[in-house]
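A.B. asks: next comes the sequence, and after it the predicted model I'd like to discuss.
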Amino acid sequence: MGVRRAGYSRGYEEMTGSNVPNSNSTPDLSNNGNITPTLGPEFELSSVTVIPDDTFTVQQAVNALGFGWFQVKLSLCVGLCWMADSMEMTILSVIGPSLHCDWGITRYQQALTTTIVFMGMMLSSTFWAQLSDRYGRKPALTLCGILLFLYGLLSAVAPSFGWLLFLRGLVGFAIGCVPQSVTLYAEFLPAKNRAKCVVLLDCFWALGACFEVVLALAVANLGWRWLLGLSAAPLFIFSLITPWLPESARYHVSNGNTEKALQTLEGIAKDNKRPMLLGRLVVDGTTPIKGSIKSLLNPGLRRTTILLWFIWMACSFCYYGLVLMSTELFSSEVTENNTDCRPLLQTDYMDLLWTTLAEFPGIFATIAIIERFGRKSTMALQFMLFAICVMILPSTETRIALTLTLFFARGIIAGLFQAAYVYTPEVYPTALRSIGLEVVQP
């Protein structure tokens, strides 16, 4: 049985899969065992054996073991983390009217409950990245799940608006660790599957957003405290399954724990029913040291970095702005008085659910067109279409027209996020891809 092994590792250079050779790159081993000189970066072994240097790297092993049951289980686990994160973000657009009715808070205070969450995310991203690099992805994600569940549950029993604001800020601080789950996920994906799997992972985000709207509709009569408490349930489940979550094999190797890394790789081989590579596991000597934020602003990359920062800021502004604006647009009774109660009705929740469902076709449409039209052209087209939808919004006169416009706008901006996720790692050198993505991720 042939085992595929990479001749050398390029770190994250295979994000798009474009560097992975096709079957035509398989060398001919019939010439007395000699490999022909026209080799690609990967080659087929005629049996379970070792290559002459008797060594292999983590990425070579992951590529050889392929995509199987291990990756499916990991996808569900990481997907649950993203689903829970999405629920905590979507809830921001739902509890505002309820808080306005129960506590009589002003529109400014409603906006503050959202702002404090984003501030927590912004301030904590570097902290969680450093914690993950020092102690590993698994401990960081375990702590993240526990803190998110705890703060989310405590938010449900907050005695005052000040306490609620403080606890939601802590929720935002914990959410800053969620992008580390994508890093862990990508490290266990074969190069040829990585880009599509990372993009499809966002289907769990869309699923979480839809589930939150359905949950809000189901407990509408029970109040916002029940909604906050029940929304923390997926985080509790995630915290329970984190003991199964594997630690990054790359992290173990980089810290000299090759035995633990081998145990992880052997677990992948067992789950995927593939033979484990023989030989000695080594650190990939061709992978450069992780870069710094300062390196992103070097003269050769400064323009690219600034443009990417603007693109991601625009994506976040448009996406979350649309999500938070939707409940205001769907409010059944419009009033200028801040003391009047404007609760969301069943029709409001249903229309909000329809617009949230738009993320699924938006994601799949982006996957379908991004390879044909290219990354930049796809993002430019999506920005233009989103702008047109937003300009149409003020002129919509019927409920159906409003819902359809929001539906198309939500799908377009969700797809734009996926295009940005694919494009960003590709334009940076290998050493800067991780830090480049960490800086821009919302």
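C.D. replies: Yes, it's here.
A.B. asks: which stretch of helix or strand covers residue 108?
C.D. replies: Assessed by DSSP states H and E, residue 108 sits inside helix 107-135.
A.B. asks: give me the buried positions along the helix or strand just after that helix.
C.D. replies: Next helix or strand after helix 107-135 toward the C-terminus (DSSP H and E): helix 137-155. By neighbour count with 16 or more other C-beta atoms under 10 Å, helix 137-155 contains the buried residues 137-138, 140-155. Every C-beta, even on glycine, is put in place using the N, C-alpha and C of the backbone.
A.B. asks: state the mean pLDDT of the helix or strand that helix 137-155 is followed by.
C.D. replies: Using DSSP H and E, the helix or strand that follows helix 137-155 in sequence is helix 161-175. Across helix 161-175, pLDDT averages out at 93.
A.B. asks: give me the buried stretch members for helix 161-175, please.
C.D. replies: For helix 161-175, a neighbour-count test (16+ other C-beta under 10 Å) marks 161, 164-165, 167-175 as buried.
A.B. asks: would you turn those residues into JSON lines with distance to residue 84?
C.D. replies: Shown next, in JSON lines, are the buried residues of helix 161-175 (distance: C-beta to C-beta, whole Å):
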{"residue": "161", "distance to residue 84": "25"}
{"residue": "164", "distance to residue 84": "19"}
{"residue": "165", "distance to residue 84": "21"}
{"residue": "167", "distance to residue 84": "16"}
{"residue": "168", "distance to residue 84": "15"}
{"residue": "169", "distance to residue 84": "18"}
{"residue": "170", "distance to residue 84": "15"}
{"residue": "171", "distance to residue 84": "11"}
{"residue": "172", "distance to residue 84": "14"}
{"residue": "173", "distance to residue 84": "15"}
{"residue": "174", "distance to residue 84": "11"}
{"residue": "175", "distance to residue 84": "9"}
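A.B. asks: wait, which of the residues you listed is closest to residue 377?
C.D. replies: Residue 377 has its nearest neighbour among those in residue 175, at 32.1 Å by C-beta to C-beta.
A.B. asks: any idea how far that closest one lies from residue 424?
C.D. replies: Distance of residue 175 to residue 424, given as C-beta to C-beta, to the nearest Å: 20 Å.
A.B. asks: what's the local residue count around residue 107?
C.D. replies: Residues lying near residue 107 (other C-beta atoms under 10 Å) number 11.
A.B. asks: what distance do you get for it to residue 96?
C.D. replies: For residue 107, the distance to residue 96 (C-beta to C-beta) stands at 9 Å.
A.B. asks: re earlier: output the contacting helices and strands for the helix holding residue 108.
C.D. replies: Helix 107-135 sits against helix 92-103, helix 137-155, helix 161-175, helix 179-187, helix 430-440, with contacts defined as 3 or more C-beta pairs under 8 Å, 6 or more residues apart in numbering; DSSP states H and E.
A.B. asks: what's the third one in contact with?
C.D. replies: Helix 161-175 is contacted from outside by 85, 88-89, 99, 103, 105, 109, 112-113, 116-121, 123-124, 144, 147-148, 151-152, 154-155, 158, using C-beta atoms under 8 Å, 6 or more residues apart in numbering.
A.B. asks: now it, how far from the chain's geometric center?
C.D. replies: Put simply, helix 161-175 sits 22 Å off its chain's centre (C-alpha atoms, centre = their mean, to the nearest Å).
A.B. asks: for the remainder of this discussion, apply numbering that starts at 383.
C.D. replies: Yep, numbering from 383; the last one is helix 543-557 now.
A.B. asks: next up, the contacts around residue 506.
C.D. replies: With contact set as C-beta under 8 Å, 6+ apart, residue 506 has these partners: 554-559.
A.B. asks: try 10 Å
C.D. replies: 513, 526, 552, 554-559 (C-beta atoms under 10 Å, 6 or more residues apart in numbering).
A.B. asks: kindly report the same for residue 651.
C.D. replies: Contacts for residue 651 (C-beta under 10 Å, 6+ apart) come out as 443, 446-448, 450, 452, 657-659.
A.B. asks: distance of it relative to residue 460?
C.D. replies: Noted for residue 651: a distance of 20 Å to residue 460, by C-beta to C-beta.
A.B. asks: buried sites along stretch 642-662?
C.D. replies: 643-644, 646-647, 650-651, 653-654, 656, 658-659, 661.
A.B. asks: which regions of this protein lie under the pLDDT threshold?
C.D. replies: Across the chain, the stretches falling below the confidence threshold (pLDDT under 70) are 383-435, 666-673, 713-722, 812-813, 815-816, 823-824.
A.B. asks: now intersect the buried residues of stretch 642-662 with the helices, please.
C.D. replies: Of the positions in these, 643-644, 646-647, 650-651, 653-654 sit in helices, assigned by DSSP state H.
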